Each structure stands twice: as structure tokens, then as C-alpha cells.
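Novice: coords below, sequence missing:
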């Protein structure tokens, strides 16, 4: 994680968080892009990105206006139907909720990792990493076997007499959230753990030495220092959630369809590529707008360690 | 092209040395054929029985890819880089692809289809197998004899409680099943009354579970999670053979079939058609495939080579054929697939 060194550099800047515009804003584009003699070395990379990322994106974007007819028909079809808007809303609500639950579980987990002895730390790390390396499809199928009405969890609870009839753990919103959190947890835990490890715990000790209670010291000293790692992890989780389709398709019900699923269907089953491109464009633009909004309230650039 | 094929065969092995250089594809173009099917065990069985005996006889190198992907077919044709030869597709797509110029019209002078039921043959497509959408059930939840035996009973959640499975796909026969359940006469199914079908589906919406793949289908019904499912007869047969508590009910089954098309612009179209001609007129090869898969041959003559215990699991067995409701009308579906899919999406997303 690139944020680790920057996180260490962050504290000196902390006293003036939301200050006046940074001087960099007035600098010429040359300075802003740091294009000195060595900066030229990045040109091949820029060219690479243009060819494999920007150009395809432009093609897809333009396709949404030209296939099958020239004009805004694809967008009209999307915004004209309450069902598609519902899917869009459902996509963002699901992503937000998944991100929230991931934070609730991931933060204490990462904190536990910093406190644990080296042996337990490795155990905790392996527990996060092994699923991380396993195919998404396999993990989703495994969850199907666990969560179904005749699955392991329900059968066990029934056998113990805890419940009388199976609890609906999948083919609904619960299933989608459980599945996506399970898949996405490592993306939060790993950056968070990296940033927590780089924190000098003597700062917390110093605060306690000056009379702060442990809870107060944790909340005022430790938590703010973990924000860059948490922000990086939360963004990773949120953005990835938006594009999920395998897990919701397997663990959700018909009403939990997400935009990614709709796009796949339009591309490979219905072959309405223009409409699929429009769906993708809507998802991309809405995500950008949302990030811009968040950026107005939270300085993402600083928390992600991008600013200088 | 002929000259090239001669050159390639004449040079034989010595050609390989050059093969890795500039245009490897061009060198052995005339002697290789790419077949694309749905993948998995079924593809292995198909290739073993229907492709390899011919390839060895003709000294053709077979390449495989999977699964069939309509988006890839369209992309290959539009970009004029066609690497897929014979591709297994659903008949409604075969028809659409033919109309849009994505598939090559079959040269029926090369491919002899006189032994094949003509309702399964299209301008750009020949059939490769027949299968049935059956009522499959879990034999532990519903012992044989007490299971639903008609679509009306399949839709009766009071008499037969539990969830029902359908393929999440407009042409997956769920509309046909709903209409049959609602009392539409089998010979008046098409054109489908989609409004009426949705109304019938609405009545059991909360109990419907959709699956996307064959693995999911088998997992749902054999675990008892979804004890009743509209299934592909071959998958259920395989699962039953493997000891799972599942069985097919043949009454009111809907007969379906898969077809092969050749994407427009494939360099070895001629070779692909020669293979089609071979397997369509080789009952023994088709019987071998049927024995392995429990999917029915498209050439009637193959039935006599099929094992007795497999034959009774085929939709073309006289006992089963007598219980057939209808044959899927893919001409109807090629015209109505897009709007009905759209409506199905909306219906599902409406929760």
C-alpha cells in the first residue's frame, strides 16, 4: 500500500486541515505533473494507459450514443423505466451498506491484528488472505452451501432446536450483504492494518501519560491516524461493490439485482451493446459524482496520500 | 484455399518449423477446426463421440473453446477476426444470427440433412442434440408416485409446498410451463400469451428460485433446497446416476434442441460443414454421445444403437415422446426474445 509512507508524513500537516487552496493549484501544469527530466520516464506509462484504458472507455462511451441508433435512446430507455432506476438505487444502497458492515467488522479485526502476538498475528493474517486468494465463484458457491435452507447453518440450528423452521439467510438482501462482506473484507483489513502498524503507539501512551483515559486517547489519537488507511480501504470496498454481479446473482433474490448483473446480461444474452454501454456510463458517472461530493466534505486526496 | 490446403498437407511435418513465425494460423488453416460448446463434461462427451472419430479419420486438428458466447460471436464477426468454427447455440439465437449476417448460410449440397427432422434445421443452422425441459423433483421430498406430474401441479403450492426452480432466461420454457399450467392447450401455446403467463407466474412468485447454470440447477434440486425444478433431462439423469435423490417426470415435457452455426467469415467454413455432414449422417457416433449424456440424437436411425437403460431417459423414446406437450418454437422466440427478456427483467427486479 502506497499510503503507508504518506501516512507517516501526514501528521506535520495535520494542524491546518481545511486551509486555503494549496499553492500547487497555481503552479503550471509542468510543475503540477512533476514533469522534470525524470518525469519523462512516465510517458510510456501514460501512453499505455491511454491505449488500454482511456481509449476503450471513450469507445464504450460513444457507443452508448450510437448503437443501435444515433441519439439518446439508450439513456431514455434507462431513465424512462422506474425499474432500471430502482436497480441503480439498489446498487448504491447495497454498496454503501456493504461498505458500512465491512468497516464495522474490519476495523476491530485490523486493530486486533496490531495488538496480537506475532504468532496470532500470522494466524489472523492467514484467515484474511486465504479466502482472498480463492476464486470469487468458489467462495460464493461455498456460501450457498452454508446459507441455504438446507445449508449447514440452518441444519445445525434446526438440529440444536434453536429454530423451528429455516431462517432465510440467502436469496434476499441479507444473503447479498453476507456474501459481499465476506468477499470484500480483505480489501479493508489489509490497508487498515498497514496504516495501523505505522502508527507510533507511544503517541497514545503519551496522551495517557498526560491524563487522557484509554478510550479518549484511542478515539482522539489513534483513530484519526488510521483515517488514511480506512479511507483507502473503504473506497476500494465501495467501488468494487458497485460492480459486483456474481455474488448478488448467487446469493440474492430476483429483487436484489445490481447494475453489474444487468450489464452482463445486456452484453452477453440480449446483445444490446449500446444499452449496456449506457448502463456502464451511468454507473461510472454516478460514481464519479458521488466521489466528488464526498470530496467536498472529506479531503480524499489527503486521506488517500495523493496530495503533496 | 484448395491450393493452400494441398501445400499444407504436402509439406506435412516440415511445416511445423515455420509454424511459429509470421502467420501460424495461415499455415494449418485448412486442417484445423475450432468447435465451441457450452463446456464441462457435456463438451467432453460431445467431442469424444461426435468430433474426434471424424477428425482422426480426416487428419484434422481440433481446437476447442467454451462456453458459447453470443457477444464473442458478434464481436468476432464485426471485427472480421473469426476464430470460432462450429458453435453450439440456442435456435432462437441461430435464427437471429442468420438474419443479422453473423452466421454463414449452410450449403445443403455439402451438408445432407435428409435424415433430419426439418423443423430442427434452419438456413444457417443444423441441430446437434435434442433435450427436454422436464419437471424434475427431489425423490426424498416427493417420493416417486407422489410427485407433481403436470405443470398445473407444479404451480400448485398448496398441494405441493416448497420452492420451485426456473432457469433465469426467457427461452428457458417457464412461460410455456406457466401457460400449460393455466390450462392453455398444448397445440395452442404459440404465439405465447405473455400477459397470461406473467399472471400465472405472479401467483407463485414468492416461491420461485431462479438458477443460471446447470450446476446450480442440480445442486438446488438434489439438496432439497428447491425440491421442484424445471430442468434439463440430461443433467437430472447424470445426477441420478451419480446417486443423487432426483428424477425426471416426463409428462408434459417441452422438447428443445441445440443447433450449430458457423460464424460469418470463418476461414474453414467448408471443413466445418464437412464435419456437420459426417455427424448428422453417422448414427453410431450420435448413439455413442446419447449413451454418455442422455441427450437425444437428431438422427432417428441412431436410436437402435442406444442402450436400453439410456433410451428410456431420452425425450425421443416412444414412451416419453407420447407424453410431450410441445416442441419449443424458436422462430417465435427469435422474434420475441428481446422484449420478453426485458419484461422478465423488470418483473424480477420489481421484487
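Specialist: It's in. None of the values given here were measured: they were computed from a predicted structure.

Novice: residue contacts, residue A:230?
Specialist: A:103, A:107, A:188, A:191-192, A:195 (Cβ atoms under 8 Å, 6 or more residues apart in numbering or on different chains). C-betas here are computed from N, CA, C, even on glycine.

Novice: what residues does the stretch 101-250 of chain A have near chain B?
Specialist: A:144, A:148-151, A:171, A:249-250 (Cβ under 8 Å from any Cβ of the partner chain).

Novice: at 6 Å instead, please
Specialist: Proximity of the stretch 101-250 of chain A to chain B is confined to A:148-150 under the rule Cβ under 6 Å from any Cβ of the partner chain.

Novice: in ChimeraX, select just the buried ones from the residues you listed.
Specialist: Selection of buried members from these for ChimeraX, criterion 16 or more other Cβ atoms under 10 Å in any protein chain shown:
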select /A:148,149,150
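
Novice: got the residues of the stretch 101-250 of chain A next to chain B as TSV, with secondary structure and pLDDT columns?
Specialist: Shown next, in TSV, are these (DSSP: H, G, I helix; E, B strand; the rest coil; pLDDT from 0 to 100):
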residue	secondary structure	pLDDT
A:148	coil	89
A:149	coil	87
A:150	coil	86
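
Novice: may I have the phi/psi pair for the residue of the stretch 1-150 of chain A found nearest chain B?
Specialist: Nearest residue of the stretch 1-150 of chain A to chain B: residue A:83, at 4.3 Å (Cβ to the nearest Cβ). Main-chain torsions, residue A:83, degrees, to the nearest 10: phi -60, psi -40.

Novice: residue B:349 is in contact with that one, correct?
Specialist: Yes - Residue A:83 is in contact with residue B:349 according to Cβ atoms under 6 Å; the separation is 4.9 Å.

Novice: can you name the residues of the stretch 201-350 of chain B that neighbour chain A?
Specialist: Close to chain A, as judged by Cβ under 6 Å from any Cβ, the stretch 201-350 of chain B has residues B:223-225, B:341, B:346, B:348-349.

Novice: output the below-cut-off pLDDT ranges for the chain.
Specialist: Looking at chain A here, since you left the chain open. A:1-37, A:305-308 (pLDDT under 70).

Novice: let's do chain B instead
Specialist: By pLDDT under 70, the low-scoring segments of chain B are B:1-30, B:351.

Novice: what residues are up against residue 147?
Specialist: In the absence of a named chain, chain A is used. A:169-170, A:175 (Cβ atoms under 6 Å, 6 or more residues apart in numbering or on different chains).

Novice: try chain B instead
Specialist: residue B:137.

Novice: wasn't residue A:92 part of a helix?
Specialist: Yes - applying DSSP: H, G, I helix; E, B strand; the rest coil, one finds residue A:92 inside a helix.

Novice: domain parsing for chain B?
Specialist: For chain B, the structural domains run B:26-130+B:257-327, B:134-255, going by automatic domain parsing.

Novice: just send those domains back as TSV, with distance to residue A:255 too.
Specialist: Shown next, in TSV, are the domains of chain B (distance: least, Cβ to Cβ, whole Å):
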stretch	distance to residue A:255
domain B:26-130+B:257-327	26
domain B:134-255	10
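
Novice: out of these, which comes closest to residue A:77?
Specialist: For these, proximity to residue A:77 was assessed by Cβ to Cβ; domain B:134-255 is nearest, at 17.6 Å.
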